[in-house]
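Asker: Here is my input, please return the structure:
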Amino acid sequence: MPESCKHCTKGSSSMGFCPFSLALFAGTALSYVKYLQNKSSKSIKSSEEEEPFRVVFVLGGPGAGKGTQCELLSKNHGWAHLSAGDLLRAERTKEGGSPLADIINANISAGKIVPSEITTQLIKNAMVELRTNKGQIKFLIDGFPRSEGNVDAWKEVVGDEAVLECVLFFECPYDILTSRLLERGKTSGRSDDSLVSSEHIITWCVDLSLFVSVLLTSTLF
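Answerer: Numbering: from 1, shown residues only. Below you'll find the predicted structure:
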């Protein structure tokens with residue numbers, strides 16, 4: 001039989017318990033309670049970190065002022081501004097390249113549209129990076145989505161990780177859009193700015209207006 005502890009050799013029959021064992025049990029129980037509290041605290045913090053992104057899609061014809069208005073909203077209301085076009089251009093010229101850049105450049109070189117999944121993944125990557133580094137969860141997404149394919153990709157790549165708050169759609173007369181783009185093309189370095197025509201602008205805006213009508217009835221809301 002194991003030896004009795006010195007704390008309970010005497011009087012154990014009358015006390016019915018060992019004082020030393022009781023103290024040890026109490027200390028262990030207290031430590032476990034603290035462990036559960038810490039675990040719960042970490043769990044709550046983790047849950048807060050995974051709070052869904054709050055997203056506003058900002059759409060409009062080229063030159064309608066989406067970027068300008070997004071910058072003002074970002075400055076005055078604290079929402080981060082992400083331009084789908086800027087993200088694509090930045091990825092293409094990223095130092096050292098990237099697998100996504102190779103896909104983007106290959107499609108553009110072949111005269112094809114960049115797959116919706118690629119654009120959506122770039123947007124998601126940017127949102128995750130800003131949330132990780134700055135705790136930002138509110139995003140104005142400029143120039144996306146533009147098609148039902150974009151919407152399908154958003155559902156697949158982002159899904160429930162984001163809540164769509166609303167859609168901002170900027171309208172502007174076609175002649176104003178054309179003059180703005182031609183003026184912007186003098187300094188922007190973007191070839192698509194200098195190649196615009198009134199016919200192209202009208203077609204682009206009509207198609208976008210029809211798409212926005214579809215978007216507003218989608219399951220994203």
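Asker: Which stretches in this protein count as strands?
Answerer: 53-60, 80-83, 138-142, 162-170 (DSSP state E).
Asker: Could you dump those into a markdown table with mean pLDDT, distance to residue 102 and mean neighbour count added?
Answerer: Bear in mind the C-beta positions are built from the backbone N, C-alpha and C, glycine included. Converted to a markdown table, these look like this (pLDDT from 0 to 100; distance: least, C-beta to C-beta, whole Å; neighbours: other C-beta atoms under 10 Å):
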| stretch | mean pLDDT | distance to residue 102 | mean neighbour count |
| --- | --- | --- | --- |
| strand 53-60 | 96 | 27 | 21 |
| strand 80-83 | 97 | 22 | 20 |
| strand 138-142 | 97 | 24 | 23 |
| strand 162-170 | 95 | 27 | 16 |
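Asker: export those to TSV and tack on distance to residue 94?
Answerer: TSV is the format used below for the strands of the chain (distance: least, C-beta to C-beta, whole Å):
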stretch	distance to residue 94
strand 53-60	23
strand 80-83	16
strand 138-142	20
strand 162-170	24
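Asker: Looking at those strands, which is nearest to residue 71?
Answerer: The closest of these to residue 71 is strand 80-83. By C-beta to C-beta, the value is 6.1 Å.
Asker: Listing partners with orientation, what would you give for the closest one?
Answerer: Applying DSSP bridges, strand 80-83 is found paired with strand 138-142 (parallel).
Asker: and the angle from the strand it pairs with to strand 53-60?
Answerer: Calculated by axes from the mean of the first three to the mean of the last three C-alpha atoms, to 10 degrees, strand 138-142 forms an angle of 20 degrees with strand 53-60.
Asker: To residue 114, which of the strands of the chain lies closest?
Answerer: Going by C-beta to C-beta, the one of those nearest residue 114 is strand 80-83, 14.3 Å.
Asker: How about residue 105: what's its closest non-neighbour residue?
Answerer: residue 92 (5.9 Å; C-beta to C-beta, 6 or more residues apart in numbering).
Asker: Enumerate every residue touching the one you found.
Answerer: 101, 104, 105, 108 (C-beta atoms under 8 Å, 6 or more residues apart in numbering).
Asker: for the residues you listed, which one is nearest residue 84?
Answerer: Distances from residue 84 to the contacts of residue 92, taken by C-beta to C-beta, are shortest for residue 104, at 12.0 Å.
Asker: so how far is residue 86 from the closest one?
Answerer: Per C-beta to C-beta, to the nearest Å, residue 104 is found 13 Å from residue 86.
Asker: Distance check, residue 78 against residue 54.
Answerer: Separation of residue 78 from residue 54 (C-beta to C-beta): 11 Å.
Asker: Need the residues touching each of these two.
Answerer: residue 138.
Asker: nearest spatial neighbour of residue 176, skipping sequence neighbours?
Answerer: residue 63 (7.6 Å).
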